[in-house]
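[1] any chance you can model this:
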Amino acid sequence: MAALEIANNLAKIVSELMIAVKSTNTHWMEENLEAIYRNQKNKEMYELELQRQIQLRKAEINQELNELALEYEGKLERLKMKIEQETRDYTNFLKELDSLKSQIIAVFKDIPPVTALLIHRHASELLNDMWNEPEIEARRVLEAKLLDLFGSVNDDVKTLKSSEDGTYYLPEKTIELIRKR
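    Reported below is the predicted structural model:
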């Protein structure tokens, strides 16, 4: 019987303890219910504010992306137009080089064709080097060399036309200019 009494007392103590814990928990909940409710509402408000800020930032990013897309589309269009113009210019340069070769052959009747071709090739190489040079200063140097070559051909043509005495003549100034390079 002593064991039964101890068990009953123990069950009574555990039962009272459980009632006390529940009562304390209930009492704490009653006292803090407003704070719990406020925290829950704050959490919901913060979550809503966070969602609003995320949506706002998404809209800002989309606007920035659209502005960048427009800017780069414009840059791309300008670059395409520049490349098309450069292609036309390069084509015109090539035509002028062919014209130069024809002029040399026509004016210097006794010139070996290979000499005219070498002058043409030298001018073509200068043009290609100039066109492909990424550095502006180096490109300007090549442009000057090409201009010097055109100038020397022009000078040689003028010299030949002024001499018109029927003597054999080569574009010596042009050939000398090419030798120096």
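
[2] could you measure from the residue most central in space within the chain over to residue 65?
    Centroid-nearest residue in the chain, with CA atoms, centre = their mean: residue 72, separated by 9.2 Å. With distances defined as CB to CB, to the nearest Å, the gap from residue 72 to residue 65 amounts to 10 Å. All C-beta atoms are positioned from the backbone trio N, CA, C, and that covers glycine.

[3] what's the overlap in contacts for those two?
    Counting by CB atoms under 8 Å, 6 or more residues apart in numbering, residue 72 and residue 65 have no common neighbour.

[4] contacting residues for the closest residue in space to residue 113 that isn't next to it in sequence?
    Once flanking residues are discounted, residue 113 sits nearest to residue 105: 6.8 Å by CB to CB, 6 or more residues apart in numbering. Residue 105 makes contact with 111, 113, 116, according to CB under 8 Å, 6+ apart.

[5] for the chain, which residues score under the pLDDT cut-off?
    Where the chain drops to pLDDT under 70, the residues are 1, 33, 161-169.

[6] rerun that using 90 as the cut-off
    Residues of the chain meeting the criterion pLDDT under 90: 1-50, 93, 96-119, 131, 146-147, 149-181.

[7] and residue 134, backbone torsions?
    phi -80, psi -30 (degrees, to the nearest 10).

[8] check residue 108 too.
    phi -90, psi 80.

[9] residues near it, how many?
    Number of residues near residue 108 (other CB atoms under 10 Å) recorded here: 21.

[10] that one - nearest residue in space that isn't next to it in sequence?
    Using CB to CB, 6+ apart, the nearest residue to residue 108 is residue 171, at 6.0 Å.

[11] tell me who's in contact with the one you found.
    For residue 171, the contact set (CB under 8 Å, 6+ apart) comprises 104, 108, 111, 115, 119, 152, 153, 156, 157, 160.

[12] the strands in the protein, which residues?
    Counting by DSSP state E, one finds no strands in the chain.

[13] which one's the longest helix in the protein?
    The helix spanning the most residues in the chain, taking DSSP state H as the definition, is helix 2-107.

[14] chain center to it, what's the gap?
    With CA atoms, centre = their mean, to the nearest Å as the basis, the distance from the averaged C-alpha position of helix 2-107 to the chain average is 26 Å.

[15] what separation is there between residue 61 and residue 53?
    In this structure, residue 61 and residue 53 are 12 Å apart, going by CB to CB.

[16] kindly report the same for residue 68.
    When CB to CB is applied, the distance between residue 68 and residue 53 equals 22 Å.

[17] give me phi/psi at residue 171?
    For residue 171, the backbone dihedrals (degrees, to the nearest 10) come out as phi -70, psi 70.

[18] my bad, should have said residue 135
    Reported as degrees, to the nearest 10, the phi and psi values for residue 135 are phi -80, psi 130.
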